[in-house]
Structure formats: C-alpha cells, structure tokens
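>>> predicted model and sequence follow; I will ask about them next.
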Amino acid sequence: MQAAVFSALGEPNRLRIVELLRASSFAVGDIADALGIRQPQVSKHLKVLADAGIVRVEPRARRRIYHLQAEPFDGIARWIGSFEALWDTRLDSLGDYLHANDDQEDRQ
Amino acid sequence: MISSLLRKKKDLSFERSYHAPVEAVWRAWTEADRLRRWWGPEKTTVGECEVDLRIGGRIYVVTVAGEEMGKYAGTRWPMDGTFSRIDDLKRLTYDARSWTEGEEETTTIHHANDVTLTADGSKTDLTLHVAITEIGSKAKLAAFGMKWGYKAQLDALEKLLAD
C-alpha cells in the first residue's frame, strides 16, 4: 500500500484533490466543481487515491463522500524520519572520522 | 499545504561544519577506502565499497548488519549509485537505489543526492540534499523498526502466556 502513496500523489490534479480534502470532506461532484476538473476524471483520481489508502469513501444517502486518511502521511513522515536519522548519524560519523584522521596525509 | 509539506519531507537537507580541510572531506566521500570507514551506522560494517569517480561512474556501498543486530546479523543493505555531477572539491551529485539484499523488489528506495563542500579556512562546510523519489512497500516498515517492534510484542506475549 505504501509503495503507491508517492506515485498517487505525484499527479498534480490528485494532489489538488488531496489539498481540497484536507480542508473538508466532499462528494465527487463538489470536488469536480471546486477544482474545475470533469467528474469522470475526478472519479478516476479518487479511485487511485483510495487504492493507495489516501482517501476513504463513505456512502451517505445517494452521495459518496470522500475523506482524507491521515495514516499514509504519518507513515511517510515516520519513514522519512528514520532515513533522516540515518543520515544524521552518518554525517556525525564522518565528522568523527575526519577528526580521528586529522593526519599529515591530508594536510600535505 | 500538504504539497509543500510533502515536498519538504521528501527533500531532506543536512548541514555540517567540519574542522578539516576541504581536500580531506572530499577524499572521505570519493575514495572507497576512506568512505568505508565512516559510512556504516553503528552495529554495521561495510562489506563492499566501490567508487568510480567520473560522470556515469558507480558509487556502490554494501552495509552489513553486525552481530549486535541479532537475527538480522549478516543482512546486507546495498546502495548502488551513479555520479551525475563532479566538481572537484566542491560538488558531488549521484542518483542511487538502496535496498535490502534478497528483497530488492519490495525494499528499494530511489534517492537523488547532492553534496556541496565550501572551504572556510581550515574548516569545511558541507550541505547534503537527499531527495527521495520512490519507496518500496517494505522499505518503510523495515526502516522504522516495525520488525523489532513486532518481535518485542511477541516476546512479551510469550512471556505473559508462560506466566
């Protein structure tokens, strides 16, 4: 599921939909109107976003209301955090190495 | 905005100032026998390291989990990159893939890396930008330690059941 998140968000109109849904939950027609995208296109985009776990659909009477899901974003943030921590450690380790290796060789 | 948040999250920036001449920092990044001495985080060793410093040349480093990592000891995490820009003593860029050996399909992440060095007397300022472009489905789990988390939970459950 997570593999699809970045590619799902990589399409500009899908990202616009996500940003719209961040403000509030909407039905397909509302999204189409708000963003000026044709409704069938919006439906296609919503399907991709739903498959990636980014949005959840709630049937309400004859309308289908789309909600943004927090989990994929939290997942990305946590993952990126760990990658960031790895690089922080590594760059500190480079510092240790440079200081330990503060030898004639480098200064010649 | 989510887009700017995500862009920021996917584009990592690091800055360091080292008390070392720029030549030393450059060599630490571009000579395999030096790179291998600082690359691996603790509890790991560098199993293989190749640096072919030319445009299109390879930067290949395999990090290997040490004994302290328990059941993961011996797990190999390769990074395979290609240099796209080399400005001697100033700037180094490479696009790379990193993965867990044997699970390349699901653990590969793609990242673009840009290292800039600025000499400042006997000090060197380093900036590193890492732009993550793709994350494999399992990479995320492995990276933030869910495997370890699960194991701890199972151990706790086992203990509870034994009581």
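Looks like it came in fine.
>>> quick one: the strands in chain B?
Along chain B, the segments classed as strands by DSSP state E run B:11-18, B:44-51, B:58-65, B:76-87, B:91-98, B:109-120, B:123-135.
>>> now do the strands in chain A.
Going by DSSP E, chain A shows strands at A:26-27, A:55-60, A:63-68.
>>> list the contacts of the last one.
Spelled out, it's strand A:63-68. Applying Cβ atoms under 8 Å, 6 or more residues apart in numbering or on different chains, the contact partners of strand A:63-68 are A:18, A:21-22, A:25-29, A:31, A:46, A:54-59. C-beta here means a position set from N, CA and C on the backbone, and glycine is covered the same way.
>>> nearest spatial neighbour of B:Glu68, skipping sequence neighbours?
B:Lys43 (4.4 Å; Cβ to Cβ, 6 or more residues apart in numbering or on different chains).
>>> ok, back up a step: for A:Gly95, which of the strands of chain B is the nearest?
strand B:11-18 (5.5 Å; Cβ to Cβ).
>>> what about A:Ile54, neighbour count?
Neighbourhood size, A:Ile54 [other Cβ atoms under 10 Å in any protein chain shown]: 25.
>>> kindly report the same for B:Met79.
With neighbours defined by other Cβ under 10 Å, the count for B:Met79 comes to 19.
>>> returning to what we had before: was I right about the residue nearest to B:Glu68 contacting B:Ala65?
Yes: applying Cβ atoms under 8 Å, one finds B:Lys43 in contact with B:Ala65, separated by 6.9 Å.
>>> quick one: which of the two has more around it?
More crowded of B:Lys43 and B:Ala65, by other Cβ under 10 Å: B:Ala65, with 20 against 13.
>>> so, low pLDDT: which residues of the chain?
This is for chain A. Where chain A drops to pLDDT under 70, the residues are A:1-4, A:76-77, A:79, A:102-108.
>>> can you look at chain B instead?
Looking at chain B by pLDDT under 70, you get B:1-9, B:137-163.
>>> take the strands of chain A and lay them out in CSV including mean neighbour count.
Compiled in CSV, these are given as follows (neighbours: other Cβ atoms under 10 Å in any protein chain shown):
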stretch, mean neighbour count
strand A:26-27, 19
strand A:55-60, 14
strand A:63-68, 17
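>>> ok so, going back, tell me how far the residue nearest to B:Glu68 lies from A:Arg90.
Distance, B:Lys43 to A:Arg90, using Cβ to Cβ, to the nearest Å: 13 Å.
>>> check whether the longest helix that chain A contains contacts chain B.
When chain A is parsed with DSSP state H, its longest helix is helix A:71-100. Yes: Helix A:71-100 is in contact with chain B by Cβ under 8 Å from any Cβ of the partner chain, via A:73, A:75-84, A:86-99.
>>> quick one: contacts for B:Cys49?
B:Ala32, B:Asp33, B:Leu35, B:Arg36, B:Trp39, B:Tyr60, B:Val61, B:Val62 are the contacts of B:Cys49 under Cβ under 8 Å, 6+ apart.
>>> just give the nearest non-adjacent residue to A:His45, would you?
A:Arg14 (4.8 Å).
>>> surely the one you found and A:Lys47 touch.
No: judged on Cβ under 8 Å, A:Arg14 makes no contact with A:Lys47 at a distance of 10.4 Å.
>>> residues contacting A:Val57?
Shown in contact with A:Val57 (Cβ under 8 Å, 6+ apart): A:Leu46, A:Ala50, A:Arg64, A:Ile65, A:Tyr66, A:His67.
>>> quick check, nearest of the contacts of strand A:63-68 to B:Thr100?
A:Ile54 (25.6 Å).
>>> apart from its chain neighbours, what residue comes closest to that closest one?
Leaving aside its chain neighbours, A:Ile54 sits nearest to A:Pro72 (5.3 Å; criterion: Cβ to Cβ, 6+ apart).
>>> number of nearby residues for that neighbour?
The number of residues packed near A:Pro72 is 22, by other Cβ under 10 Å.
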